[in-house]
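In: The amino acid sequence is not available; the structure is as follows:
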């Protein structure tokens, strides 16, 4: 659809635009946001960057449930104010050690003439994008209200290319589809692959963070920030007009948010640049969240970990202890008399093997899944009292393991699978967290697999968003870190609650054992899932043909690169110790790579095709570079001009060999050592589904003896 | 409908009955239960007493949600067993100090031929009725299952007279309607009066305990016992066939129970006698519950109490502290800066007045509602974080009041209104109970006013039944007593958890301030609501024309009688201290009446018309007699043959004067002192909506000097 017809449509939708408009420029003045009321008093905004339209005039408002008059039009502007925000803050962990929050703000207070209700629109213009939210001050005319639907529009300028997953109230664990917006409808059915809990809702509904690319080269990202006690937002596409409208996750009775004044929505974010790397570099999502509410953060520490997990995922061992029972009654079923199934992974002996491995190779932690009773019937039964989070299996020596780990200098990572029975989890939460304190577990991986209890609720409804937040805040009371899987996607809340050190909320490595993910999946995640915060992707698989016959669509070098490209303060080395023992030279990179960064540079970026990132480690000053590559082989280029002038460094390059391929030859890699300086340029091949990883450290001449210099 | 046509219908429904049947006789052999399978293998039972049919052949079973084959027919009897239960147990509190549980039991194990599933029917035949339940043993062919509907039939023998309230998933606070079964449909609309949360579901659905009377003089009661983690049962009437079928309370998605083996349903109970008093004397409901799970019960003590409550109910004062705020954000709203509304009831000064009054008159406790922040917007807003159960209003000195009460020898009763936001309550429960311990509150009145959160759930669904039980069990951990209002009706669970000392779960005295209840209401409650356990009815209103203009449809003498007729270990004197000061002679009865009983005798009983009960107090050996009367004046007769032969007693009779009337002259009462012995007979008038109350104690000749002797 051409731009002209879109404009025509706009005129049809809103009538002639009022000439009274407010304009907000970003600090660098390149971005311009315009706000105006339509002749009917509907709020309209649009965004341009460098004079080029990014968001066409788009309306804002709400359908309300119990009120006769919605919050869509009939508004007058009763007050406006502008201000500038310029602060620099220090994250507890992250991709850089200082984050600047620099934006101009426009506050528009609207009053609805007929009702007297006041609704504030607050816009923040950053140089690389916009955030806006609705605010409802405490007021006589508005106390409690129920949202039928939020009607925030994002009118595109054309039929962009999008990297999308199906809109779904219960899962985000889909492979991304690259298509024109106009093609979404036709591809939706194919895109909806099976999941343990899923509720897609429309033929053109997609999830955020949504990454797009326009025909004229704009990279545009739509997401939300500071999702607190409000349903998660999806985007419903009008694929004639190319207009997205917000679509909130409903509750069990179809309502979409219970609010009361004073209150506000999450921020809706638009990031746009002609350089895809700027989207990755943007900190808009964090900047729109509140500063940390945790005062003492010394207990929050990034962790590199191994765990008893991949062996269950690949079917080699089981979470469950016995096959004796058709159904388990916690507290009544007598496990001590049960026949062990001999496949149970979380045995004391096996856990000690992982602890030994972690200690030997300098890992911080060991995760153990399947340690607690209840795994025999945990899934698919809508079982309320499914786990107690307290009672270990007979073959898991909770106390002995805690002592052994402490002796070895390794921290245990707790696992709380809830089976989506969230009332049950909340009932046990205090005692479960206290158990962690008692046995020295600093972090918990929680899980929400399967359909929700309370039945009828969805993973991303207000009820659950409230729950995930409750778990984070209660964990903070106990000084515990949280890594929540199958929870709602992150929206930068980790700025406010930095003990939220990880989330899954996308298709993780486990799907490589469930039939495989697309080979370019990891080139899209940084532009989508990771806009909101770190992902516990669990990389590091070295043996691509796994126990159950599934194939991991990735080269080994690509797996190494993920430790750099998919930022997370919590990084797993997911594969078995014995597979790392087979490739000790490659494993060295996983041991060496840092977890926390002073600076990050987004050297090359094209969603779906490649991402190359350089990061400087906090403390050591070492640099690491990672490149992940899509379906086609590619030779990229890295300029080392980020290195200190005049110094020479040793670069250890872990790369695909020329014959490597994610499908047919994933373990074909080579490790090269080269001397580099700020003038060096690396041309490096990445195989299909491949990539490379580089460690760069300051080196003396002694160190570099016999090492070839990389050309400038 | 005549019996003949009912039998014909039965033949149509089930075809010819199999001749293979099992018969179970009660210990006294008067009651006969017959079990058989229909030719299609459907389980059928029927009940006769003294050879007369009470329950016509009725089928049993379940519609299942996810299974292709229901649990309705296709069964064979794979095993049967009979046994006898004869135990006598001692309740912690109650209408008598020893309860005999004497029944014969028939266990029928059914196997469904096509599926191999096993379902056990367990029948218990008592002399005055029957209990039966379904059991599902742990078995290979049956693990998890979801109930679409329970299909337990209760086929009546005719168009009985019933005392019914509308079937409703959310409330039982209805006035009873007396009508023929066939008239229910036509009267349903009128019967459904407004409530803060209500979900009636059918034109012929009614609630249990349902009281009926047949044309030939049978009093028949249908209810359930031991409702644990299962939806509450309603009864859906086929008003052609006069057959009730169970109708369970659904959850938010319409399902009616998530179960897994080994499991069982609550007991379904049928009590029947030609003497209505036998229904009141029956202990079937308690006997079908498990023995106490609380080992040390010394902390469970009956309480007589006053409270800051009736003044809010009648509109004289408010629960809320201020009118300043449109909406309250707990933890953020600054009450210290709010303007007091000057109507707040729970002020320190007012509470001390009640403590003084309680101490002066020998009451055990003082209840205070509206003590904690959040009452400004607690109702009707579906507010999740509505109360914290911890923070007192600025004018309620939690610590000072606790100390003052302790000095005066009075216990404080806590109040936890949840506003039906049950997740919020559970989140705060531990701390709220701990607060009670810290300040010496031995009991809590909890409330569930308004629609449920989680939204879509109902007050009587499995989710909520599970919650109420959770609250009771957690309170027991803290050694606290629970009196839950708006919770599911009791089903004898107080035998197992005797800290459940009260429930509302019916139309209580508060409705007398909301326009009034029917004058015969209290003559029906013992046959309906109280079959499952004690009710916190909050009697003792002396001033019938209340502050807001509503009129209490009761005479003052009737109010006194309630302390005897409506058994409860928790008895309030609901009216204002100043109203008791106006009638000190009548108030003396409330001060004197016992709370806990050695023995109870049901002297006269006719639901809807009159109930006369005599009870012997534990310890003191005093007797109390209460009579409550319906719409028409009546002179009843009490034989004092329950008194010890040869002893003379002093009887203090609090009775309506001849001109008393609930509407026009409720405060017309007289107090007579008379000497009585085992041969005495009292003919006593009770006014419309009236009654009388008698205290009887052993007396010396000295005591009786000048006291007239009641004739034999």
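Out: Cool, got the structure. Just so it is clear, the model here is predicted, and its values are computed rather than measured. Numbering: from 1, shown residues only, chains lettered A, B, ... in the order given.
In: Counting by contacts, list what the longest helix seen in chain A packs against.
Out: Ordering each helix of chain A by length in residues (DSSP state H) puts helix A:422-439 first. The contact analysis (3 or more Cβ pairs under 8 Å, 6 or more residues apart in numbering or on different chains; DSSP states H and E) places helix A:422-439 against helix A:398-408, strand A:411-417, strand A:443-447, helix A:462-477, helix B:422-439. Quick note: C-beta positions are derived from backbone N, CA and C, even for glycine.
In: Get me the contact residues on chain A for chain B.
Out: By Cβ under 8 Å from any Cβ of the partner chain, the residues of chain A that approach chain B are A:138-140, A:142-144, A:146, A:251-253, A:255, A:258, A:260-262, A:325-327, A:329, A:377, A:381-384, A:423, A:426-427, A:430, A:454-457, A:463, A:466, A:470.
In: can you tell me which of the helices and strands packed on helix A:422-439 comes nearest to residue A:508?
Out: strand A:443-447 (11.5 Å; Cβ to Cβ).
In: Quick one: low-confidence residue ranges for the stretch 51-200 of chain A.
Out: Scanning the stretch 51-200 of chain A for pLDDT under 70 picks out no residues.
In: Which residue ranges of it form helices?
Out: Assigned by DSSP state H, counting those that start in this stretch, the helices in the stretch 51-200 of chain A fall at A:184-191.
In: The residues of chain A next to chain B, buried ones only, as a PyMOL selection?
Out: Selection of buried members from these for PyMOL, criterion 16 or more other Cβ atoms under 10 Å in any protein chain shown:
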select buried, chain A and resi 138+139+142+143+144+146+251+252+255+258+260+261+262+325+326+327+329+377+381+382+383+384+423+426+427+454+455+456+457+463+466+470
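In: Mark which of the residues of chain A next to chain B are part of strands, please.
Out: A:144, A:146, A:258, A:260 (DSSP state E).
In: Give me the distance between whatever residue of the stretch 251-400 of chain A ends up closest to chain B and residue A:418.
Out: Ranked by Cβ to the nearest Cβ, the top residue of the stretch 251-400 of chain A for proximity to chain B is residue A:252, at 3.7 Å. Distance, residue A:252 to residue A:418, using Cβ to Cβ, to the nearest Å: 18 Å.
In: Kindly report the same for residue A:117.
Out: In terms of Cβ to Cβ, residue A:117 sits 39 Å off from residue A:418.
In: Who has more neighbours out of these two?
Out: residue A:418 (29 against 22; other Cβ atoms under 10 Å in any protein chain shown).
In: Pretty sure that one sits against residue A:450.
Out: No. At 9.1 Å, residue A:418 does not count as touching residue A:450 under the criterion of Cβ atoms under 8 Å.
In: For residue A:271, which residues are in contact?
Out: A:128, A:129, A:220, A:221, A:223, A:278, A:279, A:282, A:284, A:531 (Cβ atoms under 8 Å, 6 or more residues apart in numbering or on different chains).
In: Which residue, other than its chain neighbours, is closest to the second one?
Out: To tie it back to what came earlier, the one meant is residue A:129. Leaving aside its sequence neighbours, residue A:129 sits nearest to residue A:271 (Cβ to Cβ, 6 or more residues apart in numbering or on different chains; 3.8 Å).
In: Name the SS class of that neighbour, please.
Out: strand (DSSP: H, G, I helix; E, B strand; the rest coil).
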